[in-house]
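Participant: compute the structure for the input listed below.
(chains A, B and C)
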Amino acid sequence: MKYRDIQLDSQGRLRHFLTIEGLKQQTLIDILDSAENFSTVGTRNVKKVPLLRGKTIANLFFEASTRTRTTFELAAKRLSADVLNLNINTSSTTKGESLLDMLRNLEAMHCDMFVVRHHSSGAAHFFAQHVAPHISIINGGDGSHAHPTQGMLDMFTIRRHKPDFTALRVAIVGDILHSRVARSQIHALNTLGVPEVRAIGPRTLIPAQAESLGVHVYHDMQQGLRDVDVVIMLRLQRERMQGALLPSENEYYRTYGLSPEKLALAKPDAIVMHPGPINRGVEIDSSVADGPQSVILEQVTNGIAVRMAIMAMVLGRPNEEQEAG
Amino acid sequence: MKYRDIQLDSQGRLRHFLTIEGLKQQTLIDILDSAENFSTVGTRNVKKVPLLRGKTIANLFFEASTRTRTTFELAAKRLSADVLNLNINTSSTTKGESLLDMLRNLEAMHCDMFVVRHHSSGAAHFFAQHVAPHISIINGGDGSHAHPTQGMLDMFTIRRHKPDFTALRVAIVGDILHSRVARSQIHALNTLGVPEVRAIGPRTLIPAQAESLGVHVYHDMQQGLRDVDVVIMLRLQRERMQGALLPSENEYYRTYGLSPEKLALAKPDAIVMHPGPINRGVEIDSSVADGPQSVILEQVTNGIAVRMAIMAMVLGRPNEEQEAG
Amino acid sequence: MKYRDIQLDSQGRLRHFLTIEGLKQQTLIDILDSAENFSTVGTRNVKKVPLLRGKTIANLFFEASTRTRTTFELAAKRLSADVLNLNINTSSTTKGESLLDMLRNLEAMHCDMFVVRHHSSGAAHFFAQHVAPHISIINGGDGSHAHPTQGMLDMFTIRRHKPDFTALRVAIVGDILHSRVARSQIHALNTLGVPEVRAIGPRTLIPAQAESLGVHVYHDMQQGLRDVDVVIMLRLQRERMQGALLPSENEYYRTYGLSPEKLALAKPDAIVMHPGPINRGVEIDSSVADGPQSVILEQVTNGIAVRMAIMAMVLGRPNEEQEAG
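Facilitator: Residues are numbered from 1 along each chain as shown, chains lettered A, B, ... in the order given. Presented below is the predicted three-dimensional model:
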């Protein structure tokens, strides 16, 4: 509810895109439908539409991520926007400038949108709370809180293969506890009416209140994968190993890695997803990642169309609204 | 005089923009008037004019500054130029290439303008002296010498609030000795006919020949602020503390920090300026920086329009002139 | 032969540009002729042609090179393409992603061309072997193997001064053994019909099988320079000094540095070339590098036109071919 307030303008339209939690089903469907239209741009001869010409989009990445930054940059350029890449480690925060002062400065430069990636949960909301009314914030991943564009591109990818969300069983496997991707996926799947979302992982990596998020918890992967339509593998952050949350990589692979044998427990036409970059042989076997059920690279392709859709939707609202908002 | 020669072409038009010193009053007024026109671009729906389409502008930053580089990049993009960002620390100078060889190479690539930021005073002049006739240099800050685009955006900001320069008392407070910003401001204020420019700071941070620059020196801030129309605070470089030029930050704030009480000594409608990034609680109190008299963020906004004006003026001269010059 | 297969499409047209070895003379001449047309773009008022509008070109630089990256970036922008700069040191390979996974991801983002610079010989071929059919690879330098765009810009520069390749004597001086530039030049010179290519350098820096490459080996520079039309100096990698392959810089300069006295042994109208960046006083005297016979900066200028020609040729093939290829 708090999130809805800040994300939507007075007419209920997306003004920021911070989290999937609290958004209406129709909003998610609008994004998916719009992304369908944009998905053809990437395969045209001229991969560009003039929709955001003369708009300025700044990528504020407090956490290095070439891959995510690249997809946002491509999405913005294919909408004909001007893009600023600001890697904030090497920037004026080293001169002791506060985050808020930096925000005010970028605002004053008449940027239209900030894509914010930050290691702290809540960073994108913080920006949205303080930003001037004419600027939109897209959350490019904040701590372990949310990664909503990733969540939406995953929904887009699922819908392309399994058009009826209300008939699906989806399993998310791995480090649910620390995963902003999982959190956004769970909200999206619930909102879109998926009747059964399963969270599979060791006790140390499943949040205590997981059931209240609307998922069924499985610690046994064989049980959890049975008859699912979609298997979403999460990236294992290797640094978790140090914190004694996890045994060795080998043991993790044996227990929660997606091998062909385990995948065989899912439905025969189940699709396999992963937000990337993948750790081959840790959370997923190479033969599965590169196999016929994998849609991992489609996810990357779809990420551009979905980000174009969200950027266009947020910036394309009639102007008076932005000023009133 | 030396500077005028190199900055102007044979017809007295700006060919480079290296320093405000020696420019005619009319040249400064032309820049301010042109910036007025460009200032509307940033608030349009399509923030772009096609003026420099097909021109190549290279940002040569030998000193990291995300903020300044960003304003130049935005100004260039809103003029539709192509922008190259070259961070020279990580570049071929590491291969032992000389500055001059690097310059020759960039020239050979048919760049039209270099924006040069360098830690050594005189670097922009060095470039201007050696660059090919068809290329323009903009000084983006050189050592403790000059930061003329900052000086001009400050004049623009002042004029918006106090249109008659000949009726103003302006105080510049802080580390005048090491400040390229202060030096450019003083030249601009004198050229524009401001009758009283005051330099306020401790003895260790005011240049010995300050009076000859056309300023009145005050070591007592209370005295110096009395009845001024404009208060310009300078950023305190914390590294000065080490050199024993300064006491502690606390003591500096007590003596030369802009508190509400000290600001009350200025005229009631005085404006407060700062080139940023600000050290809150060191040279300026937060309540003043964010208060109703502060125009600090307007300075940032104006910086883009002023840089567009200068870039357009320098590159927009008729072509034959550039070749003859 | 292996290289020809992978570089050309089924109709013999350039699909990648990986190496000059194995290309037909006519292909090289087509590139040079096309570059002649593009060479006027850099001196126009609007330095842009709309040829590759809506195409996405990614610079994948695994080896830092501001200079080479800049020329590719400028070439792409002047063709109106969108450019992504990916410095792969600071990227997701640090997350343990394999090269091939990174390639697959960039493919999935619908890039049209990758310019690859890598410290390992064969990297560009590796990319070309594995890349999707609709994507073209340009080799921007791989290990000590090839630097074919440099080779072609050198040919372009030679032809501008000495239009008849079949009447030339060309000397390449320096570290032939480790030079990808030399290798590409030798292939190009041989293919274009230059009757006499000389390789001059110490025994430790000339490959054992040099004669089989189609060059005449000289260890005595005075002999080697006699009556040549073109002198190409190579950059001396200072790190070679450590490996005991070379004596001191002073001794190297005395023996193989291009002094005015040594240059006097070449034909009076011989041109002097160097791929840059130059080590003044090591492999070349400053008076020669800056002298009337030097065309070193013309090489830089020509590099943009030649890269535009190659990019346009490779991406400009009819679409059905790309899909069929």
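Participant: from chain B, how far out is the residue in the stretch 101-250 of chain A that chain C sits nearest to?
Facilitator: Closest to chain C within the stretch 101-250 of chain A is A:R238: 7.4 Å, counting by C-beta to the nearest C-beta. (C-beta placed from N, C-alpha, C; glycine too.) A:R238 sits 28 Å away from chain B, going by C-beta to the nearest C-beta, to the nearest Å.
Participant: test my guess that that residue contacts A:P277.
Facilitator: No. Contact status for A:R238 versus A:P277: not in contact, 11.7 Å apart, counting by C-beta atoms under 8 Å.
Participant: the two - which one has more neighbours?
Facilitator: A:P277 (19 against 13; other C-beta atoms under 10 Å in any protein chain shown).
Participant: that one belongs to a helix?
Facilitator: No. Read with DSSP: H, G, I helix; E, B strand; the rest coil, A:P277 is coil and lies in no helix.
Participant: quick one: name the residues of the stretch 101-250 of chain A near chain B.
Facilitator: With C-beta under 8 Å from any C-beta of the partner chain as the criterion, the stretch 101-250 of chain A comes near chain B at residues A:101-102, A:104-110.
Participant: from those residues, which land in helices?
Facilitator: The members of those that map onto helices under DSSP state H are A:101-102, A:104-108.
Participant: mean confidence (pLDDT) on the longest helix along chain A, please.
Facilitator: Taking DSSP H as the assignment, the helix of chain A that covers the most residues is helix A:296-315. The pLDDT scores in helix A:296-315 average 97.
Participant: which helices and strands does that helix pack with?
Facilitator: helix A:25-38, helix A:66-78, strand A:113-118, strand A:136-142, helix A:148-161, strand A:271-273, helix C:99-108 (3 or more C-beta pairs under 8 Å, 6 or more residues apart in numbering or on different chains; DSSP states H and E).
Participant: the second one and chain C, any residue contact?
Facilitator: Yes. Between helix A:66-78 and chain C, judged by C-beta under 8 Å from any C-beta, the touching residues are A:66-67, A:70-71, A:73-74, A:77-78.
Participant: returning to that earlier point: now the helices and strands packed on helix A:296-315 as JSON lines including mean pLDDT and mean neighbour count?
Facilitator: Output for the helices and strands packed on helix A:296-315, formatted as JSON lines (pLDDT from 0 to 100; neighbours: other C-beta atoms under 10 Å in any protein chain shown):
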{"stretch": "helix A:25-38", "mean pLDDT": "97", "mean neighbour count": "18"}
{"stretch": "helix A:66-78", "mean pLDDT": "94", "mean neighbour count": "25"}
{"stretch": "strand A:113-118", "mean pLDDT": "96", "mean neighbour count": "26"}
{"stretch": "strand A:136-142", "mean pLDDT": "97", "mean neighbour count": "27"}
{"stretch": "helix A:148-161", "mean pLDDT": "98", "mean neighbour count": "25"}
{"stretch": "strand A:271-273", "mean pLDDT": "98", "mean neighbour count": "22"}
{"stretch": "helix C:99-108", "mean pLDDT": "90", "mean neighbour count": "20"}
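Participant: could you dump these to a markdown table with distance to A:E249?
Facilitator: Below are these laid out as a markdown table (distance: least, C-beta to C-beta, whole Å):
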| stretch | distance to A:E249 |
| --- | --- |
| helix A:25-38 | 35 |
| helix A:66-78 | 22 |
| strand A:113-118 | 27 |
| strand A:136-142 | 24 |
| helix A:148-161 | 24 |
| strand A:271-273 | 20 |
| helix C:99-108 | 17 |
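Participant: so which of these comes closest to C:G193?
Facilitator: Closest to C:G193 of the helices and strands packed on helix A:296-315 is helix C:99-108 (C-beta to C-beta; 37.0 Å).
Participant: pull the contacting residues for the closest residue to A:R159 other than its chain neighbours.
Facilitator: Computed as C-beta to C-beta, 6 or more residues apart in numbering or on different chains, the closest residue to A:R159 that is not its neighbour in sequence is A:L32, at 5.9 Å. Listed by C-beta atoms under 8 Å, 6 or more residues apart in numbering or on different chains, the contact set of A:L32 reads A:152, A:155-156, A:159, A:306, A:309.
Participant: A:R203 - how many residues pack around it?
Facilitator: The burial count for A:R203: 10, using other C-beta under 10 Å.
Participant: now do A:Q293
Facilitator: The number of residues near A:Q293, taken as other C-beta under 10 Å, comes to 18.
Participant: contact partners for it?
Facilitator: When contacts are counted by C-beta under 8 Å, 6+ apart, A:Q293 touches A:263, A:269-272.
Participant: no further queries at this time; thank you.
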